[in-house]
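A.B. asks: okay, sequence plus prediction incoming.
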Amino acid sequence: MRSHDALLVCAYDSPVSFPKFPLPDAIPLSKLRELEDALDPMRELVFYCRCPADKTSLERAREYLARGFQRCAVLAGGWSAWTGR
């Protein structure tokens with residue numbers, strides 16, 4: 001992640017997935033959806049998933065770019081790369 005104030009977000013809609021794929025200081029997508037109206041559109045959002053080729057993370061980054069957030073990124077390799085699994 002490029003900055004310390006970035007939000008690390010699990011890219012899955014399912015409330016079951018976040019507990020399965022937690023990362024330190026990450027928030028679930030549902031929490032981001034609750035907070036998004038109050039967030040600065042320049043706040044960096046970093047999405048992660050466990051999909052091959054980061055498919056779900058890329059979808060979420062595109063979604064939030066379309067919503068006006070200007071700094072959306074994908075954690076390359078996602079949960080698996082971070083945890084080494």
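C.D. replies: Here it is on my side, so go on. Numbers count the residues shown, from 1 in each chain.
A.B. asks: start and end of stretch 67-76, how far apart?
C.D. replies: End-to-end span of stretch 67-76 (C-alpha to C-alpha, to the nearest Å): 22 Å.
A.B. asks: quick one: contacts of that stretch?
C.D. replies: Contacting residues not belonging to stretch 67-76 are listed as 1-2, 6, 8, 36, 39, 41-48, 54, 57-58, 60-62, 64-65, 81-82 [C-beta atoms under 8 Å, 6 or more residues apart in numbering]. The C-beta positions use only the backbone N, C-alpha and C, and glycine is treated the same way.
A.B. asks: cool, stretch 15-25 as well?
C.D. replies: 8, 10, 12, 26, 28-30, 48-50, 79, 82-83.
A.B. asks: about what we covered before: give me the subset of the contacts of stretch 67-76 lying in strands.
C.D. replies: When DSSP state E is applied, those are split such that L8, L45, V46, F47, Y48 fall in strands.
A.B. asks: hmm, which two among those are most spread apart?
C.D. replies: L45 and Y48 (10.8 Å; C-beta to C-beta).
A.B. asks: more neighbours, those two?
C.D. replies: More neighbours surround Y48 than the other of L45 and Y48, with 27 against 23 (other C-beta atoms under 10 Å).
A.B. asks: next one: that one from A38, what distance?
C.D. replies: Y48 sits 22 Å away from A38, going by C-beta to C-beta, to the nearest Å.
A.B. asks: quick one: low-confidence parts of the protein?
C.D. replies: 1-4 (pLDDT under 70).
A.B. asks: which helix is the longest one in this structure?
C.D. replies: Longest helix in the chain, counting residues (DSSP state H): helix 55-66.
A.B. asks: next one: that one to chain centre, how far?
C.D. replies: Mean-position distance between helix 55-66 and its chain equals 9 Å (C-alpha atoms, centre = their mean, to the nearest Å).
A.B. asks: that helix - contacts with which helices or strands?
C.D. replies: Contact analysis of helix 55-66 by 3 or more C-beta pairs under 8 Å, 6 or more residues apart in numbering; DSSP states H and E lists strand 45-48, strand 72-74 as its packing neighbours.
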